[in-house]
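**Q** coords please:
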Amino acid sequence: MSATSEAPERVSRRLLLRGFTDADRGPFAALNADPEVTRHLQGPLSRERSDAFVDRIASCWSERGYGLWALERRDTGEFIGYTGLWPADFLPGGPAVEVGWRLARPAWGFGYAPEAAREALRLGFAEVGLEEVVSFTPAVNTASLRVMDKIGLVRDPTRDFDHPRVDATAYPSLVRHLVHALGAQRWRLSTTAP
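**A** The predicted structure is shown next:
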């Protein structure tokens, strides 16, 4: 299956957000094989599982009108990871749409994740018409928790949950997930504030 998706392109200050291509499969597999990148995700992915994820990303765009963008640095053309919206159909409170990101280690610490995630929120609220976007991560993932705060998501402890897809025996610290959320009205107010 070709990775080329129906993802609309977006440009932020430093990034091109675009659909995945087959040329991204190699660098994406390297990112997904990095134990540091995947330490909060139950460990590295095989090349086969990484490629299958790229195929699911393309399908999500065509089926739902949203999905994950490949992130490319505008100054170098380098693939650095992804951000975007993803269905979270397993949450205890019912199905939701999650904003998420995964970046290669050399891209950490430069503010790329919040820069790109703000574009995902804009797509979700202004174009797709979502009423709410959530994000969740294990409590030990302090970097992602900081990104959630930077993009305006608000912690909602009443929605925290034990992730049903986490192997509690192998990864006990990854079971409990903290939930953050942002509603469309709050997002609109934050984008029009002086």
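
**Q** and the longest helix belonging to the chain, which residues are buried?
**A** Ranked by residue count, the top helix of the chain under DSSP state H comes out as helix 47-64. Buried residues in helix 47-64, defined by neighbour count with 16 or more other Cβ atoms under 10 Å: 50-51, 53-54, 57-58, 60-61. Backbone N, C-alpha and C define where each C-beta goes, glycine included.

**Q** Give me the mean pLDDT for that helix.
**A** Within the predicted structure, the mean pLDDT of helix 47-64 is 96.

**Q** following it, which helix or strand comes up?
**A** Next in sequence after helix 47-64, counting helices and strands by DSSP states H and E, comes strand 68-73.

**Q** In its sheet, which strands sit next to the helix or strand that that next one is followed by, and in what direction?
**A** Sequence order places strand 79-88 as the next helix or strand after strand 68-73, per DSSP H and E. When pairs are called by DSSP bridges, strand 79-88 turns out to pair with strand 68-73 (antiparallel), strand 96-103 (antiparallel).

**Q** which residues touch the shortest one?
**A** Put plainly, it is strand 68-73. Judged by Cβ atoms under 8 Å, 6 or more residues apart in numbering, the contacts made with strand 68-73 from elsewhere in the structure are 7, 10, 14-21, 24, 28, 57, 60, 78-86, 100, 103, 107, 112, 116, 119-120.

**Q** Which parts of this protein are strands?
**A** Counting by DSSP state E, the segments of the chain that form strands are 10-11, 15-18, 68-73, 79-88, 96-103, 132-138, 154-155, 161-162, 176-183.

**Q** Same list, those strands, but as JSON lines with mean neighbour count please.
**A** Below are the strands of the chain laid out as JSON lines (neighbours: other Cβ atoms under 10 Å):
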{"stretch": "strand 10-11", "mean neighbour count": "14"}
{"stretch": "strand 15-18", "mean neighbour count": "20"}
{"stretch": "strand 68-73", "mean neighbour count": "24"}
{"stretch": "strand 79-88", "mean neighbour count": "23"}
{"stretch": "strand 96-103", "mean neighbour count": "22"}
{"stretch": "strand 132-138", "mean neighbour count": "22"}
{"stretch": "strand 154-155", "mean neighbour count": "13"}
{"stretch": "strand 161-162", "mean neighbour count": "12"}
{"stretch": "strand 176-183", "mean neighbour count": "20"}
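
**Q** Give me the distance between H163 and D156.
**A** Summarising the geometry, the distance separating H163 from D156, computed by Cβ to Cβ, to the nearest Å, is 16 Å.
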